[in-house]
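Visitor: only the shape, not the letters, is given here:
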C-alpha cells in the first residue's frame, strides 16, 4: 500500500479515476461503449479521440523539458501545419485522391520539422534561453499561419484528409491510433536505446554530458525537432477533425496545457528524469476535465475555475511536503492511511 | 560605459515620447477646428479576429467600402483578445486618426481607453457589438444588429414549430464566447420568448467559443450526457456546423432527429440549411461597411448621428435559403 501511494503516478491516476467516477454520477451511460455505424461510440472513446492532439504535443514537450528546455511554439506550429495542409488540399485538382493528400500531409510535417530545426538552432547553437527562443516562433508562427490562410477559415472537402482526425480504422479512432503509435515509438526510442539516458544526462548537466563525450548539442536540436513534428501531426488532427483550418483557434494555449500535462505527470521542469507515461496520463486528465465540465453541466462562467480547482488539488496531493504538513499532525506513521 | 549609454538612450526615448504626446494633444485642439489641409479621412478599425466566416465577410465589407469611399483604413486584428484591441486603439490615438471604429471583443472594461480617445477628440463608433458602460458619451454611435432581437426571432420560430404540441421539448444551447455581447443577448432574447411556455426546457447550455471545433466537441458530450435532445440552438453557424458533424457521428439525422436553429446565415450555414441539416437561420448581416463609412464621414464632419443604427436583417427557412444561396457573397 505504501509503495503504491509513493508511486509518482498514483495521484494523477487517482484524480483521473475520481473524475471518471463523478461523470458516472451525472450521466448513467458514461461508460457504455456501443458500435455506431461501424465504429466505437461512447464518452470514453471521445476522451481517447480528443486527447490525441494534446498527448502528441505533451510527448514532444516531455522530451524538450527532459533536456531542461521548454517549447512555447507548439501551438503556433499546430496552426501552421493545419493551415498549410488545408491550403494545399484546396489547390488539389482531386482532393479525394489518397496520394496527393499524403504528399500534402508530408509537406506540412516537413515544414514543422524545419521550424523545429530553427528552435533547436537558436537554443543549442546560439545558446539563447529556450523560453525566449521558442517565444519568437510562438508569436511569429501565429502570424505565419494567418498569412497562409489569409486570416480566413479555410474549409476543405477531402475524404482522405478527414480520416486523420475524424476517421476510424477497425472501429478505433484514427487520431487515437496515431497518438498511440507516437507514444509507442517514443517509449521504444527512449527506453530501449540509450537515448533516454542521454536525454536525462543532458538535462541534468549539459556541460558534464559534453565532457563525458555526449553530443549534447545534437540531442538538444533533436528534441525540438521531435516536439515540432509531433505538434505538426497534432495540428493535422485538429484541422482534419472539422475539415477546416482556423489559424487563430488552432493550438491556442495548448503549450500551457502541454506543460501542465508534463508537470502533472511528474516530470520536473528543471530537466533530468522524465516520465512519458506520466505526461500521457496528464494529457488524458486535462481532456477528461474538459469533457467533465460540459457533461456535468458546470456553468460557463465557472468552467475555468472548476478546472483550476481540480488542478490545484492534484498538485497539492502530489506534493510530499504538503501531505506531510496536513496529515503529519495526526502522527507521521499513519500519514497514508486516511487517503 | 555601456550601461550608462543605455540609460541615456532610454531616457532620451522617454523624453521623445513625452514630447510627442504633448504635440499630439496640441494637435487635437487645433486640428479639429482647422480641419487640416488633407481632406482624406483616416479610419482606425480594430476587428475582433477571424473566428468565423461571418467575421471574415465583415472584415472584407469594411475594407472594400473604405476603399470605394476613399477613406484611408488602418486595420488591426485583435485575434480575439481584449488587450490587443486596447493596444490597437491606443495606437490609433497616437497616430491621430480621424475616427476610430471597433468591434469589442468583450462587453466590459473599455472605460479607460475610450476616455483617452474622447480626451483626444477622436469620435468612436462601435460596430456590431455593444459595450457595457453607463457612460454613453464615450462613443458616438453603435451600428450593428440587435442580438436580443435575433435571439427572440429564434425563439419565436421554435414556439411556432411546436405550436399545439404538449410534450416537453428538450433544448441544448451552444453559447458563444463567454462575456461577448452576441452570446449574452442571443441567450437572453431566446430565453425570454420560450419561458412563456413551460414545455420548452433548456437542458444543457455550454460555450462553443463560436468555433467549429468547440461546437463539435461540446455537442459530442451533450449527445452522451443528455439521452433525449429535440432541439439545438447555436449562437452562430460555425458551432452549428461543428455540431452537425457530431450529430451525424452519433448516427442521428441533423435537422430531423434534432432540429437545429442557428444565427448568422453565412454561406456554409446556408448550404447546410438548403440541405435541410439546419432548420432555421436568423440572419445577422456582416455587410455593414457602406453604412459604417457613411457614419464615419458624418462623425468627421461633426454632424449629429443617432446613438443606435440598426443593420437590415431577415430570417431564412430551407426554401428561402435555396433561393438566396446563389447570390450569397459570404
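Guide: Done, it's in. Source: prediction; values computed, not measured.

Visitor: CA only for contacts and neighbour counts going forward, please
Guide: Noted.

Visitor: what about the strands in the stretch 1-150 of chain B?
Guide: In the stretch 1-150 of chain B, the strands defined using DSSP state E, counting those that start in this stretch lie at B:42-47, B:72-77, B:99-102, B:124-127, B:141-144.

Visitor: which among those strands is found nearest to chain A?
Guide: Nearest to chain A, of all the strands of the stretch 1-150 of chain B, is strand B:72-77, at 9.1 Å by CA to the nearest CA.

Visitor: before we move on, the earlier item: can you list the strands of the stretch 1-150 of chain B in CSV and add distance to chain A?
Guide: What follows is the strands of the stretch 1-150 of chain B, written out as CSV (distance: least, CA to the nearest CA, whole Å):
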stretch, distance to chain A
strand B:42-47, 12
strand B:72-77, 9
strand B:99-102, 17
strand B:124-127, 19
strand B:141-144, 22
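
Visitor: just tell me which of those strands ends up closest to residue A:122.
Guide: Closest approach to residue A:122 among those (CA to CA): strand B:72-77, 28.9 Å.

Visitor: run through who's touching that closest one.
Guide: Strand B:72-77 has contacts (CA atoms under 8 Å, 6 or more residues apart in numbering or on different chains) with B:40-50, B:63, B:66-67, B:85, B:88.

Visitor: up against chain B, what does the stretch 201-339 of chain A have?
Guide: Neighbours of chain B within the stretch 201-339 of chain A, by CA under 8 Å from any CA of the partner chain: A:238, A:241-242, A:246, A:248-249, A:291, A:294-297, A:299-301.

Visitor: buried subset of these, written for PyMOL?
Guide: Here is the PyMOL command that selects the buried residues among these (16 or more other CA atoms under 10 Å in any protein chain shown):
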select buried, chain A and resi 238+241+242+246+248+249+291+294+295+296+297+300
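
Visitor: identify those among the residues of the stretch 201-339 of chain A next to chain B that sit within helices.
Guide: Using DSSP state H, the subset of these located in helices is A:238, A:241, A:291, A:294, A:295, A:296.

Visitor: pretty sure the second one sits against residue B:214.
Guide: No. Distance between residue A:241 and residue B:214: 10.7 Å, which falls outside the contact criterion (CA atoms under 8 Å).

Visitor: which of the three states applies to the nearest residue to residue A:37 once chain neighbours are set aside?
Guide: Spatially, and ignoring its direct neighbours in sequence, residue A:37 is nearest to residue B:251 (6.7 Å; CA to CA, 6 or more residues apart in numbering or on different chains). With DSSP: H, G, I helix; E, B strand; the rest coil as the basis, residue B:251 sits in coil.

Visitor: what about residue B:251, neighbour count?
Guide: A count of neighbours around residue B:251, defined by other CA atoms under 10 Å in any protein chain shown, yields 12.

Visitor: next, count neighbours for residue A:106.
Guide: Neighbour count for residue A:106, taken as other CA under 10 Å: 14.

Visitor: ok, the one 10 residues further on next?
Guide: The burial count assigned to residue A:116 is 29, neighbours taken as other CA under 10 Å.

Visitor: now residue B:50
Guide: Residue B:50: 25 neighbours (other CA under 10 Å).

Visitor: and the pLDDT at it?
Guide: Note on residue B:50: pLDDT of 75.

Visitor: report the lowest-confidence entry in the contacts of strand B:72-77.
Guide: pLDDT is lowest at residue B:50 among those; the value there is 75.

Visitor: doesn't residue A:154 make contact with that residue?
Guide: No. Using CA under 8 Å, residue B:50 is not in contact with residue A:154; the gap is 11.0 Å.

Visitor: chain B contacts on the stretch 51-200 of chain A?
Guide: Those residues of the stretch 51-200 of chain A that sit near chain B, judged by CA under 8 Å from any CA, are A:151, A:152, A:153.

Visitor: next up, the contacts around the first one.
Guide: If I follow you right, that is residue A:151. Here residue A:151 is in contact with A:247, B:50, B:56 (CA under 8 Å, 6+ apart).

Visitor: follow-up on the earlier one: and the residue nearest to residue A:37, how far from residue B:245?
Guide: Residue B:251 is 10 Å from residue B:245, where distance means CA to CA, to the nearest Å.

Visitor: again, but for residue A:306
Guide: Where residue B:245 is concerned, residue A:306 sits at a distance of 28 Å (CA to CA).

Visitor: which one's more surrounded, the two?
Guide: More neighbours surround residue B:245 than the other of residue A:306 and residue B:245, with 21 against 15 (other CA under 10 Å).

Visitor: rewinding a little: dump the strands of the stretch 1-150 of chain B into TSV; add distance to residue A:120 as well.
Guide: Output for those, formatted as TSV (distance: least, CA to CA, whole Å):
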stretch	distance to residue A:120
strand B:42-47	35
strand B:72-77	30
strand B:99-102	40
strand B:124-127	44
strand B:141-144	48
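
Visitor: turn the ones you listed into TSV, columns for mean neighbour count and distance to residue A:29.
Guide: Output for those, formatted as TSV (neighbours: other CA atoms under 10 Å in any protein chain shown; distance: least, CA to CA, whole Å):
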stretch	mean neighbour count	distance to residue A:29
strand B:42-47	25	43
strand B:72-77	18	44
strand B:99-102	24	46
strand B:124-127	24	45
strand B:141-144	24	44
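
Visitor: low-confidence regions, the stretch 51-200 of chain A specifically.
Guide: In the prediction, the stretch 51-200 of chain A carries no residues with pLDDT under 70.
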